[in-house]
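In: Quick one: sequence plus predicted model below, questions after.
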Amino acid sequence: MALVRRRWPEWVALAVAAAIWWPVMHLCWRPDVSPGGEELDPIALPMARSLEEMWGTNSSGHTEIEPMRRINPEWDFMGRTFFILGEANLALRVPGREGRCLQSIDRLLADTLAMEQQHGMEHFLMDYHRARPWVEQPPASIFVDGEIALCLGARRLVSDDDRWRKAFRSRVGRIVERMNRGPVLCAESYPDECWMFCNTAAMAALRMAEVLDGEDHGALRAAWLRQLKNHLVDPGSGLLISAFQLDGTPHPAGPGPEGSTIWFAAHMLQVIDPGFAREQYDLAKRHLGRSLLGFGYSREWPGLALAGMDVDSGPVLPVLGTSASASGLALLGAAAFEDHSYYRQLRTSLEIGAFPRPGVNDAGDESLRYLMAGAIGDPVIFYSAVAGPLWDRLRPTAP
């Protein structure tokens with residue numbers, strides 16, 4: 001007790017210092033960036049160089065990708081998607097960068113299609129796809145078809161090439177067939193399990209087909225949107241639910257809306273129904289978007305909902321309810337909707353919590369990775385830093 005009395009001035013000084021320091025601490029890490037601006041985000045090129053190096057060889061046996069695949073093969077596949085979308089945007093944004101970006105895109109597209117041909121769609125699915133039979137036959141995953149079509153379309157939007165046109169149109173044809181057969185015009189990602197993440201990506205790919213090949217998917221799109229708005233919206237929050245059965249029934253083990261789905265889905269909806277996309281983003285911001293002392297994050301679930309942690313959400317912090325996956329995809333949402341304040345708050349959290357590791361590549365150019373993001377998180381961050389030009393080519397024009 002005597003020691004406490006002697007040292008109380010030090011404790012008071014520490015408390016006063018903390019009270020002054022904590023509210024302004026975020027200013028030391030807050031980047032001066034604005035999504036959607038003409039000036040390129042300073043992390044874009046260093047991250048591109050790092051990711052081009054990572055994906056520069058055949059993915060089989062890669063020291064980062066194979067350990068990630070053992071945890072979740074989906075992350076391998078999604079990392080490819082986000083990297084290709086990022087490269088496509090970078091090619092359109094930076095003069096003189098197109099050739100290098102297309103080289104990376106072509107190499108990774110070829111590798112992805114080769115892996116699918118050699119091992120089947122199962123190569124990119126979690127093992128539980130074997131637990132029960134697919135409802136629609138023959139089996140096909142809209143997760144795999146939708147993202148491959150999205151990547152093929154992105155490549156063609158940068159510079160059209162006969163090499164990829166046939167593969168794109170074939171994939172789009174299968175998407176249209178499967179979605180038209182679904183009771184709520186959505187297709188399975190896993191057996192009797194549809195994910196909003198995957199179905200919005202597939203519909204965005206159909207919008208690419210309209211722009212690239214003059215196809216008309218307006219009737220399917222309008223009917224699909226009616227199904228979403230009438231049957232697949234959580235009544236409590238107004239947010240689209242994340243997982244549901246083929247007939248539209250919410251998935252028994254599904255959490256309803258979740259952050260690791262809705263931010264991405266809202267971004268996909270920007271080229272499908274911009275007004276609905278904005279509504280979903282604003283609702284996600286209201287129910288999931290948070291900041292604390294200038295540091296931004298996203299909750300995984302609205303309100304007090306506490307669904308069980310899964311491989312999509314990753315570890316969820318108690319009380320705050322935040323997860324790395326939800327917060328990473330919130331960064332994409334904030335960039336896509338040019339939410340400058342929230343984007344800076346999220347980037348501030350990234351700079352202090354994801355442990356950026358700058359480096360120099362073999363050519364002597366600056367590179368950048370985020371140690372806590374890994375081979376799946378880094379492509380999401382990269383895409384967020386460059387998003388915009390690709391979607392500008394796809395936004396529907398007002399009648």
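Out: Alright, I've got the coordinates. The structure presented is a predicted model; accordingly, all values stated were derived computationally and were not measured.
In: Would you quantify the distance from Arg290 to Glu300?
Out: 11 Å (CB to CB, to the nearest Å). All C-beta spots, glycine's among them, are computed from the backbone N, C-alpha and C.
In: Neighbour count: those two, which is higher?
Out: Higher neighbour count among Arg290 and Glu300: Glu300, with 30 against 18, using other CB atoms under 10 Å.
In: If I look at that one, what pLDDT would I see?
Out: pLDDT for Glu300: 92.
In: One more: Leu292?
Out: For Leu292, the pLDDT comes out at 89.
In: Which neighbours do Arg290 and Glu300 have in common?
Out: Thr322 (CB atoms under 8 Å, 6 or more residues apart in numbering).
In: Could you give the backbone dihedrals for Thr249?
Out: Torsion angles at Thr249 (phi, psi; degrees, to the nearest 10) stand at phi -70, psi 130.
In: Look at Gly120 and say how many residues are nearby.
Out: Residues near Gly120, counting by other CB under 10 Å: 12.
In: ugh, typo on my part, it should be Phe244
Out: Neighbour tally, Phe244, other CB under 10 Å: 24.
In: Likewise for the one 5 residues further on?
Out: The number of residues packed around Thr249, counting by other CB under 10 Å, is 13.
In: what pLDDT does it get?
Out: 96.
In: What of Thr322?
Out: On the pLDDT scale, Thr322 gets 76.
In: Need the three-state assignment for the residue lying closest to it once chain neighbours are set aside.
Out: Leaving aside its sequence neighbours, Thr322 sits nearest to Tyr297 (CB to CB, 6 or more residues apart in numbering; 4.3 Å). Under the three-state scheme (DSSP: H, G, I helix; E, B strand; the rest coil), Tyr297 adopts strand.
In: Next up, the contacts around Tyr297.
Out: Counting by CB under 8 Å, 6+ apart, Tyr297 makes contact with 290-291, 320, 322, 326-327, 330, 346, 349.
In: quick one: it from Glu351, how far?
Out: From Tyr297 across to Glu351, the span is 13 Å (CB to CB).
In: As a check, name the ranges of all helices in the stretch 1-150 of the chain.
Out: 2-24, 44-54, 65-71, 73-93, 98-119, 142-158 (DSSP state H, counting those that start in this stretch).
In: do the stretch 151-300 of the chain as well
Out: Along the stretch 151-300 of the chain, counting by DSSP H, counting those that start in this stretch, helices occupy 162-181, 196-213, 218-231, 259-269, 274-287.
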